[in-house]
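> need a 3D model of the sequence below.
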Amino acid sequence: MKVTLIVLGALLLLVIVIGAWIAGIYNSLVALRNRFKNAFAQIDVQLKRRYDLIPNLVEVAKGYMKHESSTLEAVIKARNIAYTASQAAATNPADAGAVKNLLSAENGLTGALSRLMVVSEQYPDLKANQNMMQLTEELTSTENKISFARQAYNDSVMTYNTTRETFPNVIFAGMFGFTPAQLFQIEDATERNAPKVSFT
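Numbering: from 1, shown residues only. Alright, predicted model coming up:
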């Protein structure tokens, strides 16, 4: 009888230890997932700032670039696509598909902005416009902030994915619905540079 109680006590202790260990794994994955979601929110703030600047930039350029309406329309269209993709990704940054769609849309927007800047170089009066210079300076600053926020996000995602994929966490991550997170990186090497927005 005494031996049975000792065995039952040992089994109960073992179950409690294993339960606490699994709870620790779960809690650490939750904390890391929340950290990368917060890091994505920082990117989202800067993206919204950029999306707000772009229509103002296009409005200023419209007055000078009357024959470049297709370029201006392409920028607005790319901005709207990126904005929509950003909203979807912000709803759930853990959804790798939504983040991939955002990356694709951001690549399109970066390309459209680059084309706008190349075309605007042909308009000296536009380059000298104070509003245009101020908007491009704000856009450059915002691009830099996006870059820093993206780096912080990618660091958080890497930590989360590494923790999620290590043994024994990988066993429980799938059970508890912890899917891999998507890095926020540029796929097209030609688009790795931020659009040049200097009018000096």
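> Val30 and Asp95, how far apart?
Per C-beta to C-beta, to the nearest Å, Val30 is found 17 Å from Asp95. (C-beta placed from N, C-alpha, C; glycine too.)
> before we move on, what about Gln182?
8 Å.
> so which of Val30 and Asp95 has more stuff around it?
Remark: of Val30 and Asp95, Asp95 carries more neighbours, 15 against 12, as counted by other C-beta atoms under 10 Å.
> contacts only, for that one.
Counting by C-beta atoms under 8 Å, 6 or more residues apart in numbering, Asp95 touches 88-89.
> apply 10 Å and report the result again.
Asp95 is in contact with 88-89, 101, 179, 181-182, counting by C-beta atoms under 10 Å, 6 or more residues apart in numbering.
> residue ranges for the strands of this protein, please.
Counting by DSSP state E, the chain has no strands at all.
> so which elements touch the longest helix seen in it?
In the chain, assigned by DSSP state H, the helix with the most residues is helix 2-62. Using 3 or more C-beta pairs under 10 Å, 6 or more residues apart in numbering; DSSP states H and E as the contact test, the elements touching helix 2-62 are helix 69-91, helix 96-120, helix 124-128, helix 130-165, helix 169-175.
> circling back: joint contacts of Gln182 and Asp95?
89, 101.
> now do the longest helix of the chain and helix 130-165, the angle between them.
160 degrees (axes from the mean of the first three to the mean of the last three C-alpha atoms, to 10 degrees).
> and helix 2-62, how far out from the chain middle?
16 Å (C-alpha atoms, centre = their mean, to the nearest Å).
> one more: stretch 118-134?
The answer for stretch 118-134 is 30 Å, by C-alpha atoms, centre = their mean.
> same question, stretch 101-118
Chain-centre distance of stretch 101-118: 15 Å, with C-alpha atoms, centre = their mean.
> go on, stretch 57-70?
29 Å.
> report the buried residues of it.
For stretch 57-70, the neighbour count (16 or more other C-beta atoms under 10 Å) marks 57-58, 60-61, 64-65, 68 as buried.
> and it, end to end?
15 Å (C-alpha to C-alpha, to the nearest Å).
> separation between Glu106 and Asn56?
From Glu106 to Asn56 the distance is 19 Å (C-beta to C-beta).
> more crowded one of the two?
Glu106 (24 against 15).
> run through who's touching the worst-scoring helix or strand of the chain on mean pLDDT.
Within the chain, judged by mean pLDDT, DSSP states H and E, the helix or strand with the poorest mean is helix 124-128; its value is a mean of 82. With C-beta under 10 Å, 6+ apart as the contact definition, helix 124-128 has outside contacts at 60-65, 119-121, 132-133, 136, 198-200.
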